[in-house]
Every structure is written in C-alpha cells, then in structure tokens.
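Visitor: A structural model of the following input is requested.
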Amino acid sequence: MGGRAALLHACGFKNKWDALVLISTHPGIEPENERSARREADRKLASEALKLGAGAFIQRWQEHPLIQSQKTIRPDWHTAMQATRKKHSTNGLATSLLEFGQGSTPNLWPKLKQLRLPVLLLSGSLDKTYRNYAERMQIKLPNATHQSVEGAGHMPHLEKPEVTAEILKNFVKGLE
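Guide: Take a look at the predicted model:
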C-alpha cells in the first residue's frame, strides 16, 4: 500500500517530488464495475477482520498466494515484521480495507502520463501480476525505468535486499 500512497500523493502534488520509487505498485482498478466489485470484496474482508480479530485475520491473510514469498525474508526481519503486525488493531485493519483498498482508491492510470519526474518501478520476477503492472506503468510514465528483481516475489526489498539496494543506489546516482 505504500507504493499506492506515494503514487497518489505524487499525482496530486507533482511539484513536491523530485523522483519516485514504486515497489510492487498497482495504480488502480480501471473499469468501474470491477472497482465496485472490489469495494464489495473489501467490505467482506473488513467484516471478516472484525469477526476474527486482528491476529486470526492476519494469520489468514498471510496465506494469500501473492505474499507467500515473504516466508523467504531474513528470519530476523520476518520476526520484526510479525511483531509489528501483532500491533495492528482490528478496527485499523478493517478501516484500511474500507478506506484504502484497491476499490476505494482512485484509478491513477490516466494520470501517469502527467508524471514527468524520474520513476523507478521495482517488482519481483516471481510476482507476475505486479511485474505486469510495472511493465504497463513504464509504457505510460514518460520517464520511468522498470527493474525486475530475479528470484523475488511481492516484497523484493525484503526478499532480495542486497540486489534491491544496488538497484536503488544506481537509480539515485542517475539522478545526481
């Protein structure tokens, strides 16, 4: 969700950004009927979170195929991530789904061509869905580069941190 938040802010406040790094980011659901269906799915998930409680809901959510690759994160980082997740409240999770889920956030695809700043799109080679979004975004963004991190899934910055750090260093060097 961090990439979506950054992209939303950059589209709304173009003059506040010098460059943008987006990791496994989706700019939004395009057809309104699909956005509506997603809002309904997110409402059901929010209701499930409220019924199960945060801990049980997070356990179930972590089994989603999209984020199975997080099991490859360094054990100490994975432990820290789990400790942070245990601090989430049930109401906070439900509100996040309702207010910031894919169906509730704006479709930013039409705004991408207006972003002239340098953009680095990162995705994991094993995350076909978000790799495809990055490839499509690269076509729409006037000044974008896409890097797919080999052997990483949805969280390349945590799954392959050394490779990701090198890509980020090279991107920043190119800005100077």
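Visitor: only C-alpha atoms from now on, for both contacts and neighbour counts.
Guide: Noted.
Visitor: what's the longest helix in the protein?
Guide: Secondary structure assigned by DSSP state H gives helix 32-52 as the longest helix of the chain.
Visitor: which stretches in the chain count as strands?
Guide: For the chain, applying DSSP state E gives strands covering 20-23, 119-124, 144-149.
Visitor: most tightly packed of those strands?
Guide: Among the strands of the chain, ranked by average contacts under mean count of other CA atoms under 10 Å, first place goes to strand 119-124 (a mean of 25).
Visitor: how far away is residue 83 from residue 156?
Guide: Counting by CA to CA, to the nearest Å, the gap between residue 83 and residue 156 amounts to 20 Å.
Visitor: more crowded one of these two?
Guide: Neighbour comparison, residue 83 and residue 156: the larger count goes to residue 156, with 28 against 11 (by other CA atoms under 10 Å).
Visitor: how about the strands of the chain, which one is nearest residue 63?
Guide: Relative to residue 63, the nearest member of the strands of the chain by CA to CA is strand 119-124, separated by 18.2 Å.
Visitor: partner strands of the closest one, with direction?
Guide: Taking DSSP bridges as the criterion, strand 119-124 forms sheet pairs with strand 20-23 (parallel), strand 144-149 (parallel).
Visitor: residue 164: how many residues sit nearby?
Guide: The burial count for residue 164: 22, using other CA under 10 Å.
Visitor: pull the contacting residues for it.
Guide: The contact partners of residue 164, taken as CA atoms under 8 Å, 6 or more residues apart in numbering, are 149, 156-157.
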